[in-house]
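K.L.:
Fold the following.
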Amino acid sequence: MLRAGKGSLLVVAAALVAGCSANPPARWAQGGASLALGRAHWERGGEPVDVMPDGKVLVGGEHQLTLDSAGRVSEPDRDPVAMLYPTGHLVGPDEQPLGFVGVASAALPGASTAFVLLTPSEQVIVYDDDGLGRSGGVWQGCQGPMFRTCTLVTHLLTRRALASRPQVSVGFGIGFGIGR
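P.N.:
Below you'll find the predicted structure:
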């Protein structure tokens with residue numbers, strides 16, 4: 001019979017958790033695209049979003065993400081979320097494609113059209129699958145070099161919001177089944 005002390009079990013558990021954790025994007029240490037950091041505010045009809053000069057992104061006053069000037073995005077505990085490459089490609093842990101982020105628009109992975117758009121007046125437009133745009137609120141403080149930073153934050157938070165919505169499907173059918 002094997003016997004393990006509590007300390008041994010903790011080491012095994014820690015090793016299993018470490019083995020399952022995702023790897024940061026390949027160039028995480030070097031960084032990616034240059035991002036401007038500054039103060040910006042997004043009124044989006046729900047909880048407001050604030051980008052702080054130190055790179056913290058606050059949603060409803062709660063620290064949700066941290067940006068740095070080398071295109072890295074992390075959780076408050078510093079776990080990698082995404083990295084923006086100079087080409088505009090956005091990748092997550094294990095090189096998971098997260099889309100493309102330009103200066104004023106962003107696309108979902110594999111899409112050839114914009115998913116979100118920031119207008120010169122800092123209005124946010126979010127496009128649905130049918131290409132219909134709806135208002136996504138308005139930014140303040142995104143002029144000049146902050147424009148791409150605001151586009152990146154808009155893309156990430158809008159993706160999160162859509163991913164957290166329940167998926168509903170409706171179907172109609174007539175059929176016969178044989179059960180056991």
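
K.L.:
Need the three-state assignment for Leu65.
P.N.:
Secondary structure assignment for Leu65 (DSSP: H, G, I helix; E, B strand; the rest coil): strand.

K.L.:
thought it was touching Met52?
P.N.:
No. In this structure, Leu65 is not within contact of Met52 by C-beta atoms under 8 Å, at 10.8 Å. Yep, even glycine has a C-beta here, placed from its N, CA and C like the rest.

K.L.:
which one of the two has more residues nearby?
P.N.:
Ranked by neighbour count (other C-beta atoms under 10 Å), Leu65 and Met52 place Leu65 first, with 22 against 15.

K.L.:
Could you pull out the helices in this structure for me?
P.N.:
For the chain, the helices defined by DSSP state H occupy 6-20, 146-164.

K.L.:
least reliable of those going by mean pLDDT?
P.N.:
Least confidently modelled of those is helix 6-20, at a mean of 39 by mean pLDDT.

K.L.:
Val126 against Gly137, yeah?
P.N.:
No. At 9.2 Å, Val126 and Gly137 do not qualify as touching, with contact defined as C-beta under 8 Å.

K.L.:
Tell me which stretches of the protein form strands.
P.N.:
40-43, 49-51, 56-59, 62-67, 72-74, 80-84, 89-91, 97-101, 105-107, 116-118, 123-127, 133-140 (DSSP state E).

K.L.:
and of the ones you listed, who's closest to Asn23?
P.N.:
Closest of those to Asn23 is strand 80-84, at 8.4 Å (criterion: C-beta to C-beta).

K.L.:
Need the mean per-residue confidence for the closest one.
P.N.:
97.

K.L.:
Pull the distance from it to the chain's centre.
P.N.:
Chain-centre distance of strand 80-84: 8 Å, with C-alpha atoms, centre = their mean, to the nearest Å.

K.L.:
Any chance of CSV for the strands of the chain, columns distance to Leu162?
P.N.:
CSV is the format used below for the strands of the chain (distance: least, C-beta to C-beta, whole Å):
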stretch, distance to Leu162
strand 40-43, 16
strand 49-51, 15
strand 56-59, 15
strand 62-67, 16
strand 72-74, 17
strand 80-84, 16
strand 89-91, 15
strand 97-101, 12
strand 105-107, 13
strand 116-118, 11
strand 123-127, 9
strand 133-140, 11
